[in-house]
Every structure is written in C-alpha cells, then in structure tokens.
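In: here is my input; please provide its structure:
(one chain, ligands or ions: 2)
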Amino acid sequence: MSVNLQTPIDYLKGVGPNRGDLLRKELGIYTYQDLINLFPNRYIDRTQYYKINQLQRNNADVQVIGKIIGFKEVTQKRGKRLVANFQDETGTMELVWFRGQKWIRENLKLNKPYVAFGKTNWFNGKFNMAHPDLELLEEHKKNLRSGMQAIYPSTEKLSNKGINNRVISKIMQQLFIETKGIFVETLSDNLLSELKLISKREALFNVHFPKNQVLLSKAQYRLKFEELFYIQLQLIIKNLIHKSKIKGFPFEKVGNYFNSFFKNHLPFELTNAQKRVLKEIRADLGSNAQMNRLLQGDVGSGKTIVAFMSMLIALDNGFQSCLMAPTEILSVQHYNGLYDLCNLLNIRIKLLTGSTKTSERKKIHESLENGDLQILIGTHALLEDKVKFKNLGLAIIDEQHRFGVAQRSKLWKKGPPQSSHKKDAKAIRKKYMTARPSTYKLLIELQVENKKNSTQVESILWECLRNKKLDFKFRRQYIIDELIVDFVCLEKNLIIEVDGDYHNTIEQKEADDLRTQILNEIGFKVIRFTNEQVIGDIDNVLNYIVKTLKSLPSGEIGGASTPPHILVMTATPIPRTLAMSVYGDLDISIIDELPPGRKPVKTVHRYDKNRLNVFRFIRDEIDKGRQIYIVYPLIKESSAMDYKDLMDGYESISRDFPMPKYQISIVHGKMKPADKDFEMQRFIKGETQIMVATTVIEVGVNVPNASIMIIESAERFGLSQLHQLRGRVGRGVEQSYCILMTSHKLTNDSKTRLETMVKTNDGFEIAEVDLRLRGPGDIMGTQQSGVLSLKIADIIKDNNILQSARFYAKKTLLNDPALSKPEHSVLLETYKQLGKYKNIWNYIS
Ligand code: ADP
Ligand code: MG
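Out: Numbers count the residues shown, from 1 in each chain. Ligands and ions are numbered 1, 2, ... in the order given. Here you go, the predicted structure:
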C-alpha cells in the first residue's frame, strides 16, 4: 500500500517535530506532498571529483575528497570565523564557516575522509570553500545519488540550523523509500502517449535524483506541462461557465448604421488586425452570451474606430451604447472625434463629464431614459446612479488600467431589467444552480459538512429566521453558482452572511468582496453581520433584515438586469504569455498592426550634459513648425520635490525659449481642471509650441503635429509609462522623436529599460521585458490567477509549454466539457484533489 501523501511532514523518518516546524515556517512544507513538490532550483554535475592541486580559480562548484586535520578560530572585524584545514594527497585547502560554528565543531570528525562540495575561492594564496556541503565518504557512496545533484531552495535560518542541501536531499530520499516511489499518475493515458510524456513516477524520481541530463529534461517537461495544464483547465472551465451562465442580448443583425458607415463614410481602409478584431467582436455580440472582451492594441493602433463600429452594431439592434474614458480630456477627444462621424449618420450622441452643466445634465438623463439618446461618451460620471439607460446594450471602457473591476461591474447593472418576473422559487433556484457536475458534488459534500458544523451564532440566527414569521422562507447553507451562502431568501434574492472572527484578515476581506461581487453580478443582494452584531442585538439584526426584504422589489429577480456587452480597451499591453494564463473571464482580442504609413518614432537616450545639443535640435524642429512635449516625472501627486523639478524645468525652458517667439503651455495634476483644459487646448490648437507637463498627458492625448517627446529623468519612469508617453508622438505624417534624458547614475534595471525603449517600438515586446524586470506580481490581475504560485514552471521561460498546455486543455474540454468520460477520470480526480488541497476553492466558504 502506498503512503498517504497528506501525512504531516513530521512523521517522515529524519524529520520530527523540530525540523518539521522549520520546514513549515521556512519552506511552507506541511505534508509529504509538499516535500515532493519542493523542486530543485538547479543541478550540479557531481560525477567529477577534483584533487586539490587541480582546482582552478574559476569560482565553480566542485567536490573534493579529503580529511579535516584540524580547526582554528580566526578573529575578524566582526565576530570570528572557523577554519578547518582540509587535505588530500596533493595539497591543502581551507574550509570556512562564519555561522553555526558550534554545531560544526561538535559534529565533524577529524581525520576521516569527507566529500566537500561547494564553490572555491582563492584567498591569501590558498583555495578555500565557505560553508561547504560536507558528507562522510562512506555515506556519500551509499546514497541514492546520481551524477546530477539537485540543489534545493533554502533559507538562512535553515542552513544555520544544519538543514543544508544534503539534509534536504536525504529526507527526500527517505520519502522515496517510504512511499516506495509509487505516485499515482495524474495525466490521462492519451495525453501521455500523444505528448510522449514520461510517467509521474518516473518524472518525480528524475527531477529529484536525475539519472542523466536527458531524463532530467523529460522529467521537468512533464511536470511543468502538468502544472500549466491544470491551471489552463481551471481557467477555461471558468470561462465556459461564465458563458453558459451570463446571458447577453443577441445582436442578431448588422444593419443600416454599420453598413452605411462601412460603405460610405469609413475614412480609411481598416487594417487586417482591425478587421479580424471586429469579426471577433461581431461573433460575440451575435451569440447568446454576454461579451466580456479585452481589446489590446498599442497606442495609435486604431482602437477607437473598432469601438465605434461595435457601437453601430448595438444601434442597429435597437440598443444604446456608451464609451467611458478615464479623464475629461480623453472623453472630450473621443466625443469630438465621434461627433463628426455620428453627424454623418444622424446618430444622437452626447458627452457627460464632471463639468457638464446641470441643465444639460438633466436633458441627458431624460433622453437616456426615454431612449432618444443613442450614444453617451463620458468619464466616471457615467457611473452615477442617476444615469439610467433605457436599454444599454454595449458599454466600452477605454484604458482599463485606470478603472477597477468594481467599476466594470457597476456598468453591468445599467442594463434594462430582465423581462421574466417569475416568483417561483424553483425556477430561480434552477437558474442559479449552475455549478458543473464535478464541482457540484464537491459543493454538496461541503454543504453537508457546513450544516453539521454550523457555529453557535449561525444556529441562533437560523432559529430566528425559521421560527419568527418573517413572511419569507429562508434556506441555509445554500448553493448558488459555485458558492455556498449562509442564508438566502429566494423570493427576494437576498443573501445573509455571518462573518466569523477570521473575516478580519485582509485576505479574507478580499475574498469576501469577491464573493459579494459575484453574487451581485448574478442578481443577489448580500448583507453581512458579524458575530458580535448577532449576539449583541439580535432584534436589531432581524429588523434590519425585514427592512431590507421590504425594500426589495417583490417577485422580481432581485432587480437583476441583463448586463450589457462589455468591451475593455487598453494600450498597456499585458504580455501574451501572462494574459493567456491570467484572464479566465475575459476574452482577448489583439490589434497587432499599426495603420499603414506611420513612421516609427525614433528613440534616443541622452545624458543631461548634452542638453544644449538637444535644445538646438528642438529649436530647429519648432522652426519647421513642429510641437514638443517635455515631461517631468511625478511619482507622487503630493511630492513637493517633483513639483520643484517641474517648475525649475519650466523656468529654464522659458529662458532658453523666450517669448514672444516661443509660447509654452504647462499642465500638471495640481491645476484646476478648467485651467488644465485651457492650457491643453492652446497646445492642441497650435498656439503654443512647447508643452511642459507631468504624466497627466500620458493617456490618449492626440496632437498629430507634436513630433518630439522629451522625457526628463527618464530613469525614474517604468517601462510601460515610457512607452505610453512615447505614444503621444508619431501620430502625424512627420518623422517623430522620443528623447530620454537621464543623469549619469543609472541602475542596471534602468539601463535595461532605456535600452529596450531605444531598441523597440513594439508594446508587447516592451511588456515582456517589463514583466521580466518586475515579475508578474505588479501586473494587474495576476494575484488571483495562480501564476504566482507556480512551483516548477516559469511563466516567461516556459512560454512554449504554456501554449501547448493551453492547447491540450482546450482540446480536452471541447471533447468532454465535464471531464466525465472514463478516459478522463484521472483528470477529473486530479482536478478535484487540487481543489481540495490547494487554494483554488478558497472562495467557496
Ligand atoms: P488608439 O488605439 O491609440 O486609441 P486611435 O484609435 O486613436 O488609436 O487611432 C490613432 C489614429 O489612427 C487616429 O487618428 C485614427 O483616425 C487613425 N487610424 C485608425 N485606424 C486607421 C487605419 N486603418 N488607417 C489609417 N488610419 C487609421
Ligand atoms: Mg485611444
């Protein structure tokens, strides 16, 4: 019989409670399973043994057989170091320890043959090895060790406590002995044979104790594939559920607006990428499911026209649409651009922003509600409760990064109410029990478990809800979607949750918010009470529940509405590699082609001392009629330092480019919107030649005549920001330039950023470098996705394995969506196991 892999690590021979504690704390190893999944960082070839007189001054990892013939302590600036003389028949070297000296002295034996392994240094005319990995030759020979030696991740604390690589290797070996190396297969036979993968058992053995390089590679490939495969499986399943669950308006036809625009008014030929993306959007809009699509395209790739033509499809089907942009300037620009096009087609379009006058605002509200207004452009102002559409069918969000998920979901609710007014709880229940069969089974198990173990507070509340006649029937521990909620009133779609003490942690709060959001999106209202509230004043709690119930429309499905189709546009590309593995619920379209005839922006890096040359160049360009941006970093809105830089810069520019020959605009975040707008407009109209600004101009501004972008202290900007800024130029027919000004002091990272900018204009390539520099943690959406907790695969280096994993996950699910076929039972089983022991299900309850 094989050992249960969920056995606590303490039970493994050679571990025990003390080491167990360390392994838990330092490496997160709780069980046998966790230990098997501790994958080596690297491997070292240990087929070679060196004589001391063969050592080279190359700082390589080597192993040497020899004897310790004595210890000495050497006092140094801080503390002492322990030095051992280590000898073989060809010479002597030193072994050195800076920490853990007591343990070393007590445990190492003199004059016995050891194998010392580590990096050698040349110091004071001798080789030495600091903190070597030491093993008695006798033991060394006995070990289940192959040529390749695995090097495991470690921490300082572990090595101080004597848990070095050799010890880890040893307990790993013990684990293989206890389990007899029998590990159940976790991929299906057809995947194994189609991809020529080695078995799980063989892979695990060879990843820890590789017999040779070839087997090691095979083992790594198989394990990486498996890891990525299950993540993809999970994401695709999520996406499928979303599609089957969230109904959208089918826009069945492409009508007059679209066709006449396409035939008569399209100002240019669409690029192939634009055509392809429009096709993808049309397919989405025509299906029964709600579209939830991310449109990525580099600055200037022509997303706006795609957005506009999508809106025309909505209009053709009798629906309204809206476009929301993050800033006033941007929405005005969108409005101005689209206004002309709408005029050609007799479409009624309006602009709504924070500065829209009250009277105009009223008119807009009215015409929106009676359906007279067809397209609304604006800022966050669109999200206000007062803004109600008659029938919003498509909502477009420009520059996704500026808006959060919460805002996206706010837009959802602006759709018209659903027509079905079923009071029948059974129908409602059926509608929301949408978990797929495999999950459903798991949910039932959890539900039973939860009912058995309900907390005292839950029991108290349940008694009241059950007995005190509230006129409404409640159910407890009820499955909705893939969640289990504490109490629900199905006639009113009201959910009541009681939060235990552990709800105070930030992670739990985030999980709770996510839950609430999911439930809101499918039409439930959620109210939460803490333990204290229920115990402290149950009457108050009940009153509140009654009040809420009464306020909810009766018989309707919680005021739920059919959400509009959503198109999110972003010019900050998320690397393809990451996007594929991060977004479960968003489909992705990419415009990867610029309109023809664009001249790529020439980018150069200049040091501050060359400023005079740069200014001469600017003067020449202005004489030719061009306009210039000069941008200063603004890390924090509030930082006085940054403003000083900006104002100093402005002054020095004013000196070098004196009035009246030169006119200069200045725009920064501390200005009033009206002043900002005034300055912007002067520049847009060409009344000023130079625009001195902070990053407020980063997003979207379109002044085709501006051909030079100078970025001051460019080393202080992130890559994606630099790229966004550069996107402000290169919009006209003239050759444009981006000049990155820096001081001489540059870190390696900032050098890489600058070099990347000079080398390429491709936003996706830049995003990949950015990802490499910053890691996926900073990129939105990664937190929930599991890419951060990858154990063996690397989201960047293993991109090709990821593609293949995604392909096979799709293929598998297309052929068997519920993984119910017998040949997939192993996949279903593993998928469920992952759910139980990893945190995939942590949002369930
Ligand atoms: P972004 O993707 O950055 O939002 P825009 O939609 O603002 O880009 O387009 C940038 C410019 O390119 C606009 O002036 C637009 O009219 C023009 N444009 C868009 N598509 C094409 C095309 N297919 N051919 C020529 N010009 C185009
Ligand atoms: Mg744009």
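In: residues contacting whatever residue of the stretch 51-200 of the chain ends up closest to ligand 1?
Out: Checking the stretch 51-200 of the chain residue by residue against ligand 1 with Cβ to the nearest ligand atom singles out Leu195 as nearest, at 38.8 Å. Where C-beta positions appear, they are placed from N, C-alpha and C, glycine not excepted. For Leu195, the contact set (Cβ atoms under 8 Å, 6 or more residues apart in numbering) comprises 225, 804, 808.
In: how about the residues of the stretch 201-350 of the chain that lie near ligand 1?
Out: Within reach of ligand 1 by Cβ under 6 Å from any ligand atom, the stretch 201-350 of the chain has these residues: 268-271, 274, 297, 299-305.
In: Asn520 contacts Ile527, doesn't it?
Out: No: at 11.7 Å, Asn520 and Ile527 do not qualify as touching, with contact defined as Cβ atoms under 8 Å.
In: which one's more surrounded, those two?
Out: Asn520 (18 against 14; other Cβ atoms under 10 Å).
In: check which helix or strand covers the more buried one.
Out: Secondary structure assignment for Asn520, by DSSP states H and E: helix 506-521.
In: now that helix: buried residues?
Out: For helix 506-521, the neighbour count (16 or more other Cβ atoms under 10 Å) marks 511-512, 515-516, 518-521 as buried.
In: contacts with ligand 1 among those residues, please.
Out: Among those, no residue sits close to ligand 1 (Cβ under 6 Å from any ligand atom).
In: the longest strand seen in the chain: how far from the chain's middle?
Out: Ordering each strand of the chain by length in residues (DSSP state E) puts strand 61-75 first. Taking Cα atoms, centre = their mean, to the nearest Å, one finds the center of strand 61-75 at 48 Å from the center of the full chain.
In: what sits up against the following helix or strand past that strand?
Out: The first helix or strand that comes after strand 61-75 along the chain, using DSSP H and E, is strand 80-88. Contacts of strand 80-88 from elsewhere in the structure, counted by Cβ under 8 Å, 6+ apart, are 51-52, 64-74, 92-98, 101, 104-105, 108, 114, 116, 128-129.
In: and stretch 456-476, by the same measure?
Out: For stretch 456-476, the surrounding residues in contact (Cβ under 8 Å, 6+ apart) are 425, 451, 454, 486-492, 496, 498, 500, 529, 531, 534-535, 538, 541-542, 545-546, 549.
In: which ones among the residues you listed lie within strands?
Out: Checked against DSSP E, the contacts of stretch 456-476 include these in strands: 486-489, 496, 498, 529.
In: how much space separates Lys509 from ligand 1?
Out: When Cβ to the nearest ligand atom, to the nearest Å is applied, the distance between Lys509 and ligand 1 equals 36 Å.
In: next: Asp675.
Out: Distance check for Asp675 against ligand 1: by Cβ to the nearest ligand atom, it reads 25 Å.
In: burial of that residue, as a residue count?
Out: Number of residues near Asp675 (other Cβ under 10 Å) recorded here: 13.
In: mind listing what the one residue in the stretch 201-350 of the chain that gets nearest to ligand 1 touches?
Out: Distances from the stretch 201-350 of the chain to ligand 1, computed as Cβ to the nearest ligand atom, single out Gly302 as the nearest residue at 2.8 Å. For Gly302, the contacting residues are 270-271, 274, 591, 594-595, taking Cβ under 8 Å, 6+ apart as the criterion.
In: for these, work out which two are farthest apart.
Out: In terms of Cβ to Cβ, the contacts of Gly302 reach their longest pairwise distance at Leu270 and Leu594, which sit 12.5 Å apart.
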